[in-house]
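>>> Kindly generate the corresponding structure for this input.
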Amino acid sequence: MNGNEFTGGSAVFLVLALFILLCIWLGVRIVPQSEKHVVERFGRLRAVLGPGINFIIPFLDRVRHKISVLERQLPTHKQDAITADNVLVTVDTSVFYRITEPEKTVYRIRDVDAAIATTVAGIVRAEIGTMDLDHVQSNRSSLIAKIRDALAQVVDDWGIEVTRVEILDVNLDEATRSAMLQQLNAERARRAQVTEAEGKKRAVELSADAELYAAEQVAKARRITADAEAYATGVVAQAIKENGIEAAQYQVALKQVEALSAVAAGQGSQTVIVPASALEAFGDAFKLLKGRG
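Model prediction:
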């Protein structure tokens, strides 16, 4: 009988130990840093467990959802839109988000990715519909900011934070692309013609400037020569004024003597025929030179 009591007591102790271990197993929850766990009690939201060790009531509380809080990227999504100037474009978008409040995401939206993609498509069509094609192409950053702000207001009720929105590409239909290419080629040809015309105009201007500069230099040289001649004339006039007519006769006689000396020093025959008037001029010059001496 003692053996049976010992055996029964051991079984009860074993069962109790197993129950305690089971309670510990069910009541202690270790949540990774990258996750949040949603706990329900009898089908209703009880708590949201954060990273680390958490305790729940065994058999009453149950972890129903394990939600990753890491940043997620939606697959690249394409949607058509019409600009304000009636051009059909296809926009490729990509959205990055993360779940910040799992209790909202779990109980308010079924398919998060599909809901965000649909919302983005609607926002893109609405925003592009207010912009011309040129504005869409040249102001992507402004368009991205508008899409991100509008999307953030919508997904806030779902416990989601939009971290980044990207417009990967804006594609045009073939007809519009061909027309834009022709317009671009025409614009390039126009710019080339304008550049060539400006080059020719500049060449003419430079040539005219060079001719004007040459004329100015010739005029300056002539003015300098005239100034020198005027100065020499002034010097002679001043000498005549100070010394009388004898100074002028002296200068003339000196020039005649120099001329006769040059003739006499010439090569060839040693016989020099001098006119009578020249001899008289020579005599006058000699007298003047002798008198000044």
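>>> Would you state the strands of this structure in chain order?
Taking DSSP state E, the strands of the chain run over residues 28-31, 35-41, 44-49, 52-55, 61-68, 72-73, 77-82, 88-99, 160-172.
>>> of the ones you listed, which approaches residue 234 most closely?
Checking the strands of the chain against residue 234 by CB to CB gives strand 160-172 as the closest, at 84.8 Å. To be clear about C-beta, it is placed using only N, CA and C from the backbone, and glycine gets the same treatment.
>>> Check which helices and strands the closest one sits against.
Identification of packing neighbours for strand 160-172 by 3 or more CB pairs under 8 Å, 6 or more residues apart in numbering; DSSP states H and E yields strand 88-99, helix 112-128, helix 133-138, helix 140-155.
>>> what comes up buried for it?
160-162, 165, 167, 170, 172 (16 or more other CB atoms under 10 Å).
>>> Could you export those residues as a markdown table, including distance to residue 144 and pLDDT?
Below are these laid out as a markdown table (distance: CB to CB, whole Å; pLDDT from 0 to 100):
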| residue | distance to residue 144 | pLDDT |
| --- | --- | --- |
| 160 | 18 | 93 |
| 161 | 16 | 93 |
| 162 | 11 | 92 |
| 165 | 5 | 91 |
| 167 | 6 | 89 |
| 170 | 12 | 85 |
| 172 | 19 | 80 |
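>>> and these, which two are the farthest apart?
Across the buried residues of strand 160-172, the longest distance by CB to CB is 33.3 Å; it joins 161 and 172.
>>> What pLDDT is listed against residue 192?
Per-residue pLDDT puts residue 192 at 80.
>>> Relative to residue 199, how far out is it?
To residue 199, residue 192 is 11 Å away according to CB to CB, to the nearest Å.
>>> got it, and residue 98?
Separation of residue 98 from residue 199 (CB to CB) stands at 58 Å.
>>> Could you check which of the two has the larger neighbour count?
residue 98 (13 against 10; other CB atoms under 10 Å).
>>> which residues does that one contact?
If you count contacts by CB atoms under 8 Å, 6 or more residues apart in numbering, residue 98 has them with 69-72, 160-161, 163.
>>> from the residues you listed, which is closest to residue 113?
Nearest to residue 113 among the contacts of residue 98, with distances taken as CB to CB, is residue 72, at 8.0 Å.
>>> what's near enough to touch the closest one?
With contact set as CB under 8 Å, 6+ apart, residue 72 has these partners: 96-98, 113.
>>> Most neighbours among those residues, please name it.
When neighbours are counted by other CB under 10 Å, residue 97 leads these with 22 neighbours.
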